[in-house]
Structure formats: structure tokens, C-alpha cells
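> Next comes the sequence, and after it the predicted model I'd like to discuss.
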Amino acid sequence: MDIKKELIFSFIAIILFSFFLVKTIQNYYKENSSFFAKNNQNKPQSTNSSNQSNQYQTIILTLDEIAKHNSADDCWLIINNNVYEVTNYINDHPGGAEKIIFFCGKDATTAFATKGKKNKPHSSSANQILESFKIGSLNQQIKINQNSNNLLPSRKNNYQFKKFEEDEDD
């Protein structure tokens, strides 16, 4: 009889502990939901909610639209008819921020292909970094979060600068 009581007590204790653990995790997630939302913004978004449709605005990546993003605080570039949102990379550019800032809101295809006036191409590492900032192609329709100016798709918050030994003056 004592073993039955111990088993029942253990079973009840496990159920209570599990319930407590689930509630704790739910509360933690709820309290930190802004953190999780910021770090998960690149996950596919459901479009079923009418509230969400009010939150996102559709834009077309035209030359006029890109020209609006012409500063170090909001920098979009066109390279080979693709559009890149490079604001978070400007200060990490090995060649200096000014190399990018001059082309914010403009077509930077020639400058990127020749490293400005150096007449040599960027490294494959630089191309990989650039690709991580791609938001679409010229004249493509994309969605933008009206509340935070976050783009969908966007990888800008996932950017982690890594120094590449292959070519330091990218």
C-alpha cells in the first residue's frame, strides 16, 4: 500500500511540475514577446488576419521608391537590378562608410563591380554579404511593416559582420 501511495504522489507531483513549467514558459514568452517578434520577423507571416493586413503596406521597388532611401539612416541600393537595404552594414564596410553612403538611393552597379575606381571586382565574401541584404528586384512588389519599417522579406536584423581574410578592402 505504501508503494501505491508513493507512486500516486510521484505521479501527481510530476503533473503539477509539468503544469508549472508550461505556465512559466508561457509567461516568459508573453513577457518577452517583443524580443521574440524582433528575432523572428523573417519567418513567413500568415496573411489570414485582418489586423495584419492593416499593419503591412505593399510597395513596388521602383526607381522613385528607392530614391527615397538615400541617407546613412535609410540606405537602399540597386546593384544588377536587385535592391539591397544596407543601412545596418554601412558602418561595417571595410572600405569606409562613405563608399556606400554616396550611392544610397541610387544604382551602384558599376561602383560595386569595380570597387569604385579600383577596377577590380569584390570578393565572393563581399557578394555573400551583399546577398544577405537583398530585399527584392527592381519593380518587384514587396511588403513593408508600417509600424517599424521592417521589410518582408528582410534579413537586415540577421546580419552579423564577419571579417574575411580573403580580401580586406571589400
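On my side now, so go ahead.
> This protein: helices as residue ranges?
Secondary structure of the chain (DSSP state H): helices located at 2-31, 33-39, 50-55, 63-67, 97-101, 109-114, 124-131.
> For the ones you listed, give me CSV that also has distance to residue 89 and mean pLDDT.
C-beta: built from backbone N, CA, C; applies to glycine. Output for these, formatted as CSV (distance: least, Cβ to Cβ, whole Å; pLDDT from 0 to 100):
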stretch, distance to residue 89, mean pLDDT
helix 2-31, 31, 84
helix 33-39, 18, 49
helix 50-55, 26, 56
helix 63-67, 16, 96
helix 97-101, 7, 93
helix 109-114, 13, 92
helix 124-131, 7, 91
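> quick one, which of those is nearest to residue 138?
In terms of Cβ to Cβ, the element of the helices of the chain nearest to residue 138 is helix 63-67, at 7.6 Å.
> Excluding covalently adjacent residues, which one is nearest to residue 67?
Ranked by Cβ to Cβ, 6 or more residues apart in numbering and with sequence neighbours excluded, the top spatial neighbour of residue 67 is residue 105, at 4.6 Å.
> gap between residue 138 and residue 26?
Applying Cβ to Cβ, to the nearest Å, the value for residue 138 to residue 26 is 44 Å.
> The residue nearest to residue 67: what's it in contact with?
66-71, 75-77 (Cβ atoms under 8 Å, 6 or more residues apart in numbering).
> repeat that for 10 Å
Residue 105 makes contact with 63-71, 74-78, according to Cβ atoms under 10 Å, 6 or more residues apart in numbering.
> So how do I select the buried members of those in PyMOL?
Only the buried entries of the contacts of residue 105 go into this PyMOL selection, using 16 or more other Cβ atoms under 10 Å:
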select buried, resi 65+66+69+70+75+76+77+78
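> Among the contacts of residue 105, which one sits closest to residue 4?
Among these, and counting by Cβ to Cβ, the member closest to residue 4 is residue 74, at 69.0 Å.
> show me the contacts for that closest one.
68, 85, 87, 104-105, 149.
> Mind checking which of those residues land in strands?
Assigned to strands by DSSP state E, the following of those qualify: residue 85.
> Out of the contacts of residue 74, which comes closest to residue 128?
Nearest member of the contacts of residue 74 to residue 128, counting by Cβ to Cβ, is residue 85, at 16.1 Å.
> Tell me how many other residues surround the closest one.
22 (other Cβ atoms under 10 Å).
> same check, this time on the one 3 residues further on
Neighbours of residue 88 under the rule other Cβ under 10 Å: 15.
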